[in-house]
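Trainee: here is a sequence with its predicted model. Questions after.
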Amino acid sequence: MFTLKRTHTCGALRAADAGSTVNLNGWVEARRDHGGVLFVDLRDRYGKTQVVFRPESGAELLAQAQGLRAEFVLAVQGVVKARPAEAVKKGQLTGEIELEARKIEILNEAKVPPFEVTDDLNASDELRLKYRYLDLRRRPMQQNMITRHRIIAAFRESMDRQGFLDLDTPVLIKNTPGGARNFLVPSRLQAGNFFALAESPQIFKQLFQVAGIDRYFQVCKCFRDEDLRADRQPEFSQFDLEMSFVDESDVQAAVEDAVGNVFKKVLGVELKRPFPKMSYAEAMDKYGSDKPDIRFGMHLVDVSDLAKASAFRVFSEAVATGGVVKGLCVVGGGTMSRKDIDELTTWVKGVGAKGLVWLKGEGGTLGGGSAKNFTSAELSALRAKLAAKDGDLLLFVADEKGRCKVALGGLRTHLGAKLKLIKEGSWEPFWVEEFPMFEAGPEGRPQAKHHVFTSPKAEDLDFLEKDPLRVRARAYDLVLNGVELGGGSIRIHRKDVQRRVLAVIGLEESDIRDKFGFMLDAFDYGAPPHGGIALGVDRFVMLLLGLDTIRDVIPYPKTQKGQCLMQNAPSGVIPKQLDELHIALKPPPPAEEKKT
RNA sequence: GGGGGCGUAGCUCAAUUGGCUAGAGCAUCGGAUUGUCGAUCCGAAGGUUGCGGGUUCGACCCCCGUCGCCCUCGCCA
């Protein structure tokens, strides 16, 4: 029976409502039984209201109330009363009133939940994911979902105002090589053939441009069958957009408007526009990262020149074998103990570096750690180069270029957090530009760093075949607080250039025909110059909420092994289903149906 | 595929160097309680220490394997 439909939500009632008879619906958050009088906190998405049961309202009602338990679903009819002055609960919107119950309906009982549905996190990830609907019932998670909605709404609002059309694109698409591993979907009607789940709407949004849909956007799901991280899920959401007759500045301006609108509407923050720009080379040199957190300094300094001539073989050999030596100066880090530094060493070894060389600023020069391996002239030079003062700590990594970047760049981020160097509440979005078009692949063959439709810079076109690694791309990443929010580029719109790029990465003519033929055909029919970008919705929400994992902003996320603990997916299928698809499982490891 | 962390009551955690009946808080159940809001007070129940094997007089603790969750390198155009 459900007759007491709510007239108000549990966050709506105020002192001005005193005297009126209302109905509330919600979940029992807590029951406090004082023998005579009994209190129940009733919760819904909008708030929490205290319901009071009094003996004067009848023994039957009080007995009913005594039977209530946490998470029962309840409908209450009662009279709104101003609380006695000493019982007013400050800091709660409904704290000045309470609902004096006259009648209740227990809409549903609830088992004792596997964890308490409270604001404080009191359960493991595993349990939260298994009972996600209970986790989502917690107020902080509801706030996350509400913020997620508001961010998406503000983005859409800006896009609509700027004349972008919200159009969807297929999820079931052709399997194409390169980039992220695709999830495959077998086709029953075309037995033996497979769809791929779209890793992005890339090709379709470009073809929209050929079609004359000169401003497209979408909030879409993307699928990538790669290993997970705190900020990576196998299915995730993107703000995706593409525009025609534009260059980099037009796309960036459109994005800045949308991102600016989100900050304004959701946080009340006005971002300074246009966003600053940084070259990829500078990001790598100064920060050891293509998505640096620029809220604190501690820049990386290359000391390879000094290291090369040093008698300290850790340094000189690294350079001799083609590597680099870089260092950073931790201001005031001289107070760190040997144990602290050992922990840092363990940390860099964990990301593949051989070790950490450290020195401390003292007595106008450098001492401690590896000081005995250097001449006093070298120590002075290092001190000067890193602008170190007494009381500072210098850390160096000597290694192959890539590993040095990962280790020292990572160490910088690690220290930034550990030493609390980051200004909280500051938002400094900026663009990273001038990415290399290609990077060296496994066998030295170039592969696209962004994607194969990215336009090379016009002035670098001549190097496409001669020296591909030198070619810079018309690509740009939006970086905020050390997180890559998204990336995009101006695309190739001419077939001849597209063909050359595909050839550089080693696609045979027949492959090109098979994989991208329709794309090249489309370019024969009048493709306008165009470009676009995609931003990670989940990362965006995570950042604005100050969280460090996107799992808390995705309603139903997967575990690090890509499973849904609630559904227990993926799971095996029955032979008939495989038969229809003409699929046979290879013998040894058949998919096992997990116990539920 | 590699490195690391964690796994003990329903939940969150503790348990000295390998040594007594594996404890606490919360939750649960029973009782008391007329102004609480993390109510309080009294009492009770609750355990194959993830699982399997090994070492040992003796294992929550050590070793090997395995499963699960998390962080990370590779990977993710």
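Mentor: Structure's in. What do you need? Residues are numbered from 1 along each chain as shown, chains lettered A, B, ... in the order given.

Trainee: which residues does whichever residue of the stretch 451-596 of chain A sits closest to RNA strand B contact?
Mentor: Closest approach between the stretch 451-596 of chain A and RNA strand B, counting by C-beta to the nearest atom of the strand: A:His451, at 2.2 Å. C-beta coordinates here come from the backbone N, C-alpha and C atoms, glycine included. Counting by C-beta atoms under 8 Å, 6 or more residues apart in numbering, A:His451 touches A:Gly178, A:Gly179, A:Gln202, A:Ser489.

Trainee: please name the nearest non-neighbouring residue to the residue in the stretch 301-450 of chain A that RNA strand B sits nearest to.
Mentor: Closest contact between the stretch 301-450 of chain A and RNA strand B, by C-beta to the nearest atom of the strand, is at A:His450 (3.8 Å). Of all residues not flanking A:His450 in the chain, A:Ala475 sits nearest, at 4.5 Å (C-beta to C-beta, 6 or more residues apart in numbering).

Trainee: how many neighbours does the one you found have?
Mentor: Neighbours of A:Ala475 under the rule other C-beta atoms under 10 Å: 27.

Trainee: equivalent analysis for A:Ala12, please.
Mentor: A:Ala12: 17 neighbours (other C-beta under 10 Å).

Trainee: in TSV, list the contacts of A:His451 along with distance to RNA strand B, neighbour count and secondary structure.
Mentor: Below are these laid out as TSV (distance: C-beta to the nearest atom of the strand, whole Å; neighbours: other C-beta atoms under 10 Å; DSSP: H, G, I helix; E, B strand; the rest coil):
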residue	distance to RNA strand B	neighbour count	secondary structure
A:Gly178	6	12	coil
A:Gly179	3	16	coil
A:Gln202	4	23	helix
A:Ser489	9	22	strand
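
Trainee: wait, which of these is closest to A:Leu13?
Mentor: A:Gln202 (50.3 Å; C-beta to C-beta).

Trainee: ok, that closest one touching A:His450?
Mentor: No. Using C-beta atoms under 8 Å, A:Gln202 is not in contact with A:His450, being 10.5 Å away.

Trainee: quick one, strands of the stretch 351-500 of chain A?
Mentor: Ranges of strands in the stretch 351-500 of chain A, per DSSP state E, counting those that start in this stretch, are A:357-362, A:365-367, A:393-399, A:430-433, A:438-440, A:446-448, A:475-480, A:483-490.

Trainee: circling back: contacting residues around the residue nearest to A:His450?
Mentor: A:Ala475 touches A:Glu433, A:Phe435, A:Lys449, A:His450, A:Thr454, A:Gly487, A:Gly488, A:Ser489, A:Ile490, counting by C-beta under 8 Å, 6+ apart.

Trainee: now do the SS call for A:Val219.
Mentor: Following DSSP: H, G, I helix; E, B strand; the rest coil, A:Val219 is assigned to strand.

Trainee: list the beta-bridge partners for it.
Mentor: A:Phe239 (DSSP bridges).

Trainee: which residues does it contact?
Mentor: A:Ile152, A:Phe155, A:Arg156, A:Asp166, A:Ser237, A:Gln238, A:Phe239, A:Asp240, A:Val537.

Trainee: please tell me how far it sits from A:Thr169.
Mentor: The spacing between A:Val219 and A:Thr169, counted by C-beta to C-beta, to the nearest Å, is 12 Å.

Trainee: A:Gly334 should be in a helix, yeah?
Mentor: Yes. Under three-state DSSP, A:Gly334 sits within a helix.

Trainee: burial of it, as a residue count?
Mentor: 19.

Trainee: that one reaches A:Lys389, doesn't it?
Mentor: No. At 9.2 Å, A:Gly334 does not count as touching A:Lys389 under the criterion of C-beta under 8 Å.

Trainee: identify the contacts common to those two.
Mentor: Applying C-beta under 8 Å, 6+ apart, one finds that A:Gly334 and A:Lys389 are jointly contacted by A:Gly361.

Trainee: residues of the stretch 201-350 of chain A that sit close to RNA strand B?
Mentor: Within reach of RNA strand B by C-beta under 7 Å from any atom of the strand, the stretch 201-350 of chain A has these residues: A:Gln202, A:Arg224, A:Glu226, A:Asp227, A:Leu228, A:Arg229, A:Ala230, A:Asp231, A:Arg232, A:Gly350.

Trainee: how near is the second one to A:Ala198?
Mentor: Just to be clear, that refers to A:Arg224. Counting by C-beta to C-beta - A:Arg224 and A:Ala198 are separated by 10 Å.

Trainee: what's the answer for the third one, then?
Mentor: Using C-beta to C-beta, one gets 15 Å for the distance from A:Glu226 to A:Ala198.

Trainee: now do A:Arg215
Mentor: From A:Arg215 to A:Ala198 the distance is 21 Å (C-beta to C-beta).

Trainee: ok, now which ones touch A:Pro528?
Mentor: Here A:Pro528 is in contact with A:Gln209, A:Val210, A:Asp214, A:Ser244, A:Phe245, A:His493 (C-beta under 8 Å, 6+ apart).
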